[in-house]
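Q: fold the following for me, if possible:
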Amino acid sequence: MKDNIVVVRPPSEADSFLLPVTIGCSHNTCTFCSTFKDVAFRLRDITDIKEHIDIVARRYDPGVRRVFLENGDAIAAPQPLLVAVLKYLKEKLPNLERVGTYAAPLSTLQKSLAELKELKALGLDIAYLGAESGDAEVLQKVKKGATPEQIIEAGRRLKQAGITTSVTVILGLGGVAGSERHAIATGQLLTAIDPHYAAALTLMLVPGAPLYEDMRRGDFALISPLQSLVELKLIIENSTFTDCFFTANHASNYLPLRVRLPEQKTDILKILDSVIISGDSARLKPEHLRAL
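A: Numbers count the residues shown, from 1 in each chain. This next block holds a predicted model:
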């Protein structure tokens with residue numbers, strides 16, 4: 001493989017063959033992220049991609065059943081490239097069961113419904129949509145580059161194409177000042193999309209991210225661990241799902257949760273209430289065990 005590639009993937013793709021199709025992030029201006037700070041977005045050459053698939057097919061087939069298209073936003077690749085990749089994967093990995101990708105809102109909206117349906121037919125089974133927040137002001141402040149309406153449309157279009165849709169949101173992204181508004185609006189956005197999966201991460205800032213510098217200057221105040229649970233409770237209270245597997249079990253979260261909504265909504269709200277009311281930090285994950 002000719003490119004030096006940053007590896008990023010959802011937790012649920014831990015056992016997948018990670019196949020870079022694009023390098024970097026097509027947006028790359030979000031203030032909370034520094035993952036691709038010095039990486040120029042570009043397409044990977046199809047010849048290089050096929051060579052990579054060939055190597056994996058020779059070494060691991062028939063073991064490869066899941067593939068995740070890297071890097072930060074593979075859905076941004078031109079349709080002909082994605083079509084070629086999916087067809088070659090199907091040809092070389094006969095036991096392939098699922099292909100997934102990250103899907104930024106604006107990149108997703110650049111695909112027509114017909115194009116997304118074509119990708120689904122060729123094996124693109126799941127897309128991870130980074131929503132982050134449902135609050136327009138928060139999205140603007142963190143330079144997400146998309147409005148709540150655009151994020152909702154992207155999620156709905158993926159679902160309409162038959163692609164399993166997983167939506168990610170970030171607890172604490174509104175800071176202390178915007179915490180309640182961020183949480184309520186995020187619950188409303190999730191309701192509007194009604195995804196198959198939803199995942200709540202908790203904000204962690206590292207040097208190099210613009211929002212980290214805002215925090216250092218005192219222009220942004222991080223919420224406390226218990227406040228993150230208050231946000232999580234507000235999101236769940238203000239969301240209505242048809243059938244969603246909701247998780248908050250990322251390494252960044254203080255209280256790992258995995259629930260089926262709406263069936264377990266009452267139960268999970270009781271658990272969150274219990275921890276919040278107790279104020280017992282011993283029930284939360286220690287800071288040194290959290291990771292990005």
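Q: what's the neighbour count on the residue lying closest to Pro11 once chain neighbours are set aside?
A: Leaving aside its sequence neighbours, Pro11 sits nearest to His250 (C-beta to C-beta, 6 or more residues apart in numbering; 6.2 Å). (Glycine included, C-beta is placed from N, CA and C.) The tally of other residues near His250 (other C-beta atoms under 10 Å) stands at 20.
Q: name the SS class of His250, please.
A: Under DSSP: H, G, I helix; E, B strand; the rest coil, the three-state class of His250 is coil.
Q: what sits against it?
A: Neighbouring residues of His250 by C-beta atoms under 8 Å, 6 or more residues apart in numbering: 11, 199-202.
Q: again, but for Leu139
A: Leu139 touches 132-133, 146-148, 151, counting by C-beta under 8 Å, 6+ apart.
Q: which among these gets closest to His288?
A: Using C-beta to C-beta, Glu132 comes nearest to His288 of those, at 25.4 Å.
Q: show me the beta-bridge partners of the residue nearest to that closest one when sequence neighbours are not counted.
A: Closest residue in space to Glu132, ignoring its immediate chain neighbours: Ile170 at 5.0 Å, by C-beta to C-beta, 6+ apart. Beta-bridge partners of Ile170, counted by DSSP bridges, are Leu201.
Q: ok, Ile170 touching Leu201?
A: Yes: using C-beta atoms under 8 Å, Ile170 is in contact with Leu201, at 5.2 Å.
Q: and these two? Which one has more around it.
A: Ile170 (26 against 22).
Q: and the more buried one, what does it touch?
A: Counting by C-beta under 8 Å, 6+ apart, Ile170 touches 32, 132-133, 200-203.
Q: nearest to Gln264, of the residues you listed?
A: Looking across the contacts of Ile170 and measuring by C-beta to C-beta, the closest to Gln264 is Ala200, at 14.9 Å.
Q: tally of neighbours for the closest residue in space to that closest one that isn't next to it in sequence?
A: Distances taken as C-beta to C-beta, 6+ apart put Ala248 closest to Ala200, at 4.4 Å, once the chain neighbours are dropped. For Ala248, the count of nearby residues is 26 (other C-beta under 10 Å).
Q: so which bits of the host helix or strand of Ser228 are buried?
A: Assigned by DSSP states H and E, Ser228 belongs to helix 225-237. Neighbour-count burial for helix 225-237 flags 225-236 (criterion: 16 or more other C-beta atoms under 10 Å).
Q: distance to Asn95 added to those, as CSV?
A: Rendered in CSV, the data for the buried residues of helix 225-237 read as follows (distance: C-beta to C-beta, whole Å):
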residue, distance to Asn95
Pro225, 43
Leu226, 46
Gln227, 46
Ser228, 40
Leu229, 41
Val230, 45
Glu231, 41
Leu232, 38
Lys233, 42
Leu234, 43
Ile235, 38
Ile236, 37
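Q: among the contacts of Ile170, which pair sits farthest apart?
A: Longest span within those, C-beta to C-beta: Phe32 and Ala200, 14.4 Å.
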